[in-house]
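Participant: Okay, predicted coordinates and the sequence, questions at the end:
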Amino acid sequence: VMVKLIERFAKQRTHKLLLVTKSDRVDEILNLEHNNQTIVSFSLNAFSVAEKFEVDAPHPKKRLKAAWKCKEAGYVVRVRIDPMIPVSGWVEEYEELAEEVNSLNPERVTLGSLRFYPVVKVFSRRDHSVFSFASEKTVDGRWRLPQPVRLEMYGTMLRKLKVRPVSLCKETTYVVKTLRLQQKCNCVL
């Protein structure tokens with residue numbers, strides 16, 4: 001299906017295709033004539049966060065390798081670091097991830113932190129300890145990391161990331177304005 005979509009979008013100039021993925025399986029699209037009409041966006045996270053909470057997804061190092069392959073094949077590549085979670089040692093881990101992202105030099109980086117509506121807990125079949133990080137309920141009804149923690153995490157990434165633009169996804173107006181960023185998610189073309 002993905003191959004057919006890329007080929008279809010390559011034949012026109014009106015619309016672009018945005019693929020958002022946690023996969024590392026990109027080999028089948030590398031030799032396609034995409035005509036710069038497809039953007040491949042990789043969702044990444046700190047390594048220990050991914051190992052604990054993204055159990056069925058490929059390790060972020062594998063996703064980074066796949067992102068490099070796509071970039072070398074001429075695709076526009078974006079990165080989404082989301083949901084950021086303040087695990088023990090998070091500063092060093094996210095700084096390490098920022099360095100990896102800097103070397104990739106994607107078109108755009110979008111940051112987001114753990115956020116969820118209460119009903120998500122009902123459907124979760126995974127480790128529920130992730131929900132304990134979110135202790136602040138915001139006006140949109142989502143549970144989030146406490147605002148000072150979010151500001152610290154985003155600030156850490158903004159200092160380390162050399163790639164621009166960096167934007168925020170699904171964040172409160174206060175945090176967006178405080179950091180002087182745009183709320184232009186990775187999904188926006």
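Facilitator: That came through fine.

Participant: In contact with the nearest residue to Lys162 once chain neighbours are set aside, which residues?
Facilitator: Leaving aside its sequence neighbours, Lys162 sits nearest to Asn102 (C-beta to C-beta, 6 or more residues apart in numbering; 4.8 Å). All C-beta atoms are positioned from the backbone trio N, CA, C, and that covers glycine. Counting by C-beta atoms under 8 Å, 6 or more residues apart in numbering, Asn102 touches Lys160, Leu161, Lys162, Val163.

Participant: mind listing the helices for the chain?
Facilitator: 2-10, 47-53, 60-72, 90-104, 120-123, 147-160, 173-179 (DSSP state H).

Participant: what packs against the first one?
Facilitator: Read that as helix 2-10. Judged by 3 or more C-beta pairs under 8 Å, 6 or more residues apart in numbering; DSSP states H and E, the packing partners of helix 2-10 are strand 17-21, strand 38-44.

Participant: That one: how far from the chain's middle?
Facilitator: 23 Å (C-alpha atoms, centre = their mean, to the nearest Å).

Participant: now do stretch 55-69
Facilitator: For stretch 55-69, the distance to the chain centre is 12 Å (C-alpha atoms, centre = their mean).

Participant: where does the protein have low pLDDT?
Facilitator: 183-184, 189 (pLDDT under 70).

Participant: run the last query once more with 90
Facilitator: 1-2, 55-56, 118-132, 164, 169-170, 172-173, 181-189 (pLDDT under 90).
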